[in-house]
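Asks: fold the following, please.
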Amino acid sequence: MSVTIDELLANARQRFVRVEAAQAAAELAKGALLVDTRPAEQRAEGGEIPGATVIERNVLEWRLDPASPSRIAAATGHDIRVIVICNEGYSSSLVAATLQDLGLVNATDVIGGFQAWRAAGLPTIET
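Replies: Residues are numbered from 1 along each chain as shown. Now for the predicted structure:
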């Protein structure tokens with residue numbers, strides 16, 4: 001049985017409460033891990049988010065799985081707050097669902113992605 005990408009996305013988003021850009025910024029300031037999955041070209045064009053951890057999509061699960069020998073230091077346990085941000089808030093929803101599959105129960109993503117972050121006037125750094 002196959003599903004469309006729209007169905008896959010809708011199913012993923014039913015599994016967690018997504019956050020607005022301003023909430024993501026507030027949680028980042030309080031210690032949440034904001035993970036930017038945008039490719040280098042998009043970060044170079046649009047800027048980077050101060051304090052965000054850049055992890056490209058192809059290695060993300062290995063870097064955030066607390067049981068992985070390739071994890072980043074911030075991946076200390078399955079209860080960490082991980083907020084994923086992509087360019088427009090689509091692939092980040094699929095990533096958040098995958099992270100929940102890995103047991104990261106507090107994983108979510110940013111509604112509208114980096115474009116919503118920028119539209120909200122939140123800080124960025126030109127690269």
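Asks: give me the element the residue most central in space within the chain is part of.
Replies: Central residue of the chain (C-alpha atoms, centre = their mean): residue 84, 0.7 Å from the mean position. Secondary structure assigned from DSSP states H and E places residue 84 in strand 81-85.
Asks: which other helices and strands contact that strand?
Replies: Packing partners of strand 81-85 (3 or more C-beta pairs under 8 Å, 6 or more residues apart in numbering; DSSP states H and E): helix 21-29, strand 33-36, helix 91-101, strand 106-109, helix 113-119. To be clear about C-beta, it is placed using only N, CA and C from the backbone, and glycine gets the same treatment.
Asks: at 10 Å what do you get?
Replies: Using 3 or more C-beta pairs under 10 Å, 6 or more residues apart in numbering; DSSP states H and E, the elements in contact with strand 81-85 are helix 21-29, strand 33-36, helix 60-64, helix 91-101, strand 106-109, helix 113-119.
Asks: Throw the ones you listed into TSV and include mean pLDDT and distance to residue 72, thanks.
Replies: Output for the helices and strands packed on strand 81-85, formatted as TSV (pLDDT from 0 to 100; distance: least, C-beta to C-beta, whole Å):
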stretch	mean pLDDT	distance to residue 72
helix 21-29	98	16
strand 33-36	98	9
helix 60-64	97	5
helix 91-101	97	13
strand 106-109	98	14
helix 113-119	98	20
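Asks: give me the contact list for stretch 11-21.
Replies: 3, 23-27, 32, 49, 83, 85, 89-90, 92-101, 105-122 (C-beta atoms under 10 Å, 6 or more residues apart in numbering).
Asks: you'd agree residue 101 is up against residue 107?
Replies: Yes: using C-beta atoms under 10 Å, residue 101 is in contact with residue 107, at 9.4 Å.
Asks: more neighbours: which of those two?
Replies: Using other C-beta atoms under 10 Å as the criterion, residue 101 and residue 107 rank with residue 107 on top: 26 against 11.
Asks: now that one: closest residue in space that isn't a chain neighbour?
Replies: residue 99 (3.8 Å; C-beta to C-beta, 6 or more residues apart in numbering).
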